[in-house]
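[1] Provide a 3D model corresponding to the input given below.
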Amino acid sequence: MSETPQSADLIVFGGTGDLSMRKLLPALYHCDRDGRLAPETRIIAMSRGGLDDADFRGKVDAEVRGSVPVDDLALWQRFLDRLHHVTVDIGGEDPTGWARLTAMLAGHEQRDRVFYLASPPMTFGPFCREADRAGLVTPASRVVLEKPLGRDLASAQRINDEVGAIFHERQIFRIDHYLGKETVQNLLVLRFANAFLEPIWNSLWIDHVQITAAETVGTPGRRGYYDHAGALRDMVQNHLLQLLCLVAMEPPSRNDRESIRDEKVKVLESLRPIVGGEVDRFTVRGQYTAGVCDGAEVPGYLDEPDNTPPTEASHRVETFAAIRAEVKNWRWAGVPFYLRTGKRMPYRSSEIVVQFKDVPHSIFAGSAPNRLVLRLQPSEGIRLDLMAKEPGAGEVALKPVPLSLSFAETFTSRVPDAYERLLMDVLTGNPTLFMRRDEVEAAWRWIDPILAEWESQSMLPEPYPAGTAGPAGAHELVGRSGRAWHEEELA
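    Purely as a prediction, here's the structure:
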């Protein structure tokens, strides 16, 4: 498949929103700057903003230009010239917006037509129905769905049914931006392009796996959303489970559109269910209180500024979640996978830590297990910790020594943002890094019993001060088996 797609019309619903301005448009500018967009490709924003093309281009120039490297004004102007805006009110009674979009797209039916829904999931079904009613859905159309896809299995199935009534499954791209990160791509290469790892990538040699997504930010101005999402829905059901799948999956038969997704579904279906009383044993939920984060005093979740007044849901929602998961198959029997995510943590860091077992018989004092660390953010890279002797005479003193690959230091080319990779995959029609319907629903099927148990309990989430590495229960979760969280940068 050609790296540069054919001409396309990319229609972004929610095109003036935060996601579009902060992620999508900067990523598209980089794609254009690198010559990866066909000359005739247009980017059409849809919103209720009442803007014309000039207004929208001015907004992008003011809000996006400062966040991208504009070293060539001609290239920036070329990007702005691609931008258009159409005012449409989904579910409203005024059809003129759809008529304007129809007129804009008329005569370009041969182009790929991509609808990117950067909007709440409740709008996915209505948007697809109205786009179809306007005659805009062609055989060459694709639709991109942002997470979260529903609140539970039932709502995810309902959204999938509504979108699936208009688009074929091959036309639906459910996006998780974590899958576009360079380290995630390198995880697949590391596992399946290097012979030395496969013999030890199993329960005989690996003690446990930790997957962490920690954020220093809180939720100012977002409590209305977060009260009804929480860390489990917002991060674990999609991001962390996707990373678990890539670590645990079997080698696919080939690197094609479906083989990798087939293997990921098998992992999700092999997860040991956590139900009933086991939820308290294998999961922890917390909510941050006032503390010191990033060197500044910050309020607790219930007192974050610019928020709606706290409700009962505010007191019950988790801003931190930790889970001990198990993959019940021959490769991973007995190996725990510890998943952890939280807001107002000490550092911003997303990483996968593969902890190997101790050597069978150590003849040296001070030996420690080998460890493979894959860093997704803030600085992407891979590190393998090996034991080495410290220089000097006398007794042998051991020290863990890292073999490191920093993408920023090793490669002179710019490390692209995850959205750049995924947007180009959408435009070229490559669904490999996007979630299939059965994959999304398998993840919800595993998450739902945990959600149900948490919501049925009268006990509130365990408090933890902002700027600390989560509640005490999270350390007990790993400590019960004599393990500890990898706290290199989360102490």
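[2] can you list the domains in the chain?
    Domain assignment for the chain by automatic domain parsing gives 8-146, 179-479.
[3] Tabulate these in a markdown table, adding columns for distance to residue 485 and mean pLDDT.
    Glycine gets a C-beta too; all of them are placed from N, C-alpha and C. Formatted as a markdown table, the domains of the chain follow (distance: least, CB to CB, whole Å; pLDDT from 0 to 100):
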| stretch | distance to residue 485 | mean pLDDT |
| --- | --- | --- |
| domain 8-146 | 29 | 89 |
| domain 179-479 | 6 | 89 |
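[4] Which one of those domains lies nearest to residue 157?
    Closest to residue 157 of those, according to CB to CB: domain 179-479, at 6.3 Å.
[5] for the domains of the chain, which one sits closest to residue 163?
    Smallest distance to residue 163 across the domains of the chain (CB to CB): 5.2 Å, for domain 8-146.
[6] Distance across that closest one, terminal residue to terminal residue?
    End-to-end distance for domain 8-146: 20 Å, by CA to CA, to the nearest Å.
[7] And for stretch 13-28?
    End-to-end distance (CA to CA), stretch 13-28: 15 Å.
[8] possible to save the domains of the chain as a markdown table with mean neighbour count and distance to residue 155?
    Output for the domains of the chain, formatted as a markdown table (neighbours: other CB atoms under 10 Å; distance: least, CB to CB, whole Å):
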| stretch | mean neighbour count | distance to residue 155 |
| --- | --- | --- |
| domain 8-146 | 18 | 8 |
| domain 179-479 | 18 | 9 |
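[9] will you turn those domains into CSV that also has distance to residue 156?
    Output for the domains of the chain, formatted as CSV (distance: least, CB to CB, whole Å):
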stretch, distance to residue 156
domain 8-146, 8
domain 179-479, 5
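[10] So which of the ones you listed is nearest residue 159?
    Using CB to CB, the domains of the chain put domain 8-146 closest to residue 159, at 5.4 Å.
[11] element containing residue 86?
    Per DSSP states H and E, residue 86 falls inside strand 83-87.
[12] now that strand, how far from the centre of its chain.
    28 Å (CA atoms, centre = their mean, to the nearest Å).
[13] Stretch 253-260 too?
    With CA atoms, centre = their mean, you get 21 Å for stretch 253-260.
[14] nearest residue to residue 423 other than its sequence neighbours?
    residue 27 (5.6 Å; CB to CB, 6 or more residues apart in numbering).
[15] surely that neighbour meets residue 424?
    No - between residue 27 and residue 424 there is no contact under CB atoms under 8 Å: 9.0 Å.
[16] quick revisit: check which helix or strand covers the residue nearest to residue 423.
    helix 25-33.
[17] Report the next helix or strand after that helix in sequence order.
    In N-to-C order, the element after helix 25-33 by DSSP H and E is strand 42-47.
[18] Extract the CA atoms of that next one and return them as PDB.
    Provided in PDB are the C-alpha atoms of strand 42-47 (Å, rounded to 0.1, in the frame of the first residue of the first chain):
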ATOM      1  CA  ARG A  42      -9.400  18.700   2.500                       C
ATOM      2  CA  ILE A  43     -10.000  18.900   6.200                       C
ATOM      3  CA  ILE A  44     -13.600  20.000   6.900                       C
ATOM      4  CA  ALA A  45     -14.600  20.800  10.500                       C
ATOM      5  CA  MET A  46     -18.200  20.400  11.600                       C
ATOM      6  CA  SER A  47     -19.500  22.100  14.700                       C
END
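[19] and it, what does it pack onto?
    strand 8-13, strand 83-87, helix 96-105 (3 or more CB pairs under 8 Å, 6 or more residues apart in numbering; DSSP states H and E).
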